[in-house]
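Q: 3D model of this:
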Amino acid sequence: MNLTFYSIDSNDEKVIYTTSYKRIDSSTIEFVDKSVEDTVINIKKLSTSSLLFTRTGKVTMILNLELNNSTKGYYKNHLGLEFEFSVYTNKIEFIDNKCVVEYKMNINDIISTHKISILLHKKDLKKG
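A: This next block holds a predicted model:
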């Protein structure tokens, strides 16, 4: 089964790739993060208005995304860079086979905006 991952931030930094994914359970998918070597992304739908987005491997990141709420996040890379941040989630939208998330990240009063879109390919959905 395949998905397309798309991310853009306020600096117009873009990441887009297609990769295979696996279902861990009815609310969780996992796939290789092609933007960071030896890293896996796990996305768990907690409700229609919240997601838990984690990266593990050379990068560890925890994003607890709750619509219209501010939450704490965590980042650490294999070189030792480590910090906490806050996230305010503006949008979590599930439409058919697509999830769109928009949020603002605050790291030491530096605010950036981010948009992530994940598309599960329909041809794969029909098989399951």
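
Q: What are the buried residues along the helix or strand F85 falls within?
A: Per DSSP states H and E, F85 falls inside strand 82-95. For strand 82-95, burial by neighbour count (16 or more other Cβ atoms under 10 Å) applies to 85, 87-89, 92. Bear in mind the C-beta positions are built from the backbone N, C-alpha and C, glycine included.

Q: what's near enough to touch the spatially most central residue of the chain?
A: Closest residue to the average C-alpha location of the chain: F53 at 4.8 Å, with Cα atoms, centre = their mean. By Cβ atoms under 8 Å, 6 or more residues apart in numbering, the residues touching F53 are 41-43, 61-65, 101, 116.

Q: quick check, nearest of the residues you listed to V15?
A: The shortest approach to V15 among these belongs to I116, at 9.1 Å (Cβ to Cβ).

Q: how about the closest one, phi and psi?
A: Main-chain dihedrals, I116, degrees, to the nearest 10: phi -120, psi 130.

Q: List the residues that contact it.
A: 5-7, 53, 99-102.

Q: next one: C99
A: Here C99 is in contact with 43, 45, 51, 92-93, 116-118 (Cβ under 8 Å, 6+ apart).

Q: got any ranges where this protein has weak pLDDT?
A: 123-128 (pLDDT under 70).

Q: Please enumerate the helices of it.
A: For the chain, applying DSSP state H gives helices covering 122-127.

Q: Now do the closest residue to T54 other than its chain neighbours against F31, distance only.
A: Once flanking residues are discounted, T54 sits nearest to N42: 4.8 Å by Cβ to Cβ, 6 or more residues apart in numbering. If you measure N42 against F31 using Cβ to Cβ, to the nearest Å, the figure is 8 Å.

Q: In terms of neighbours, single out the busier of those two.
A: F31 (20 against 15; other Cβ atoms under 10 Å).

Q: Is that one bridged to anything, and to what?
A: Y21, I41 (DSSP bridges).
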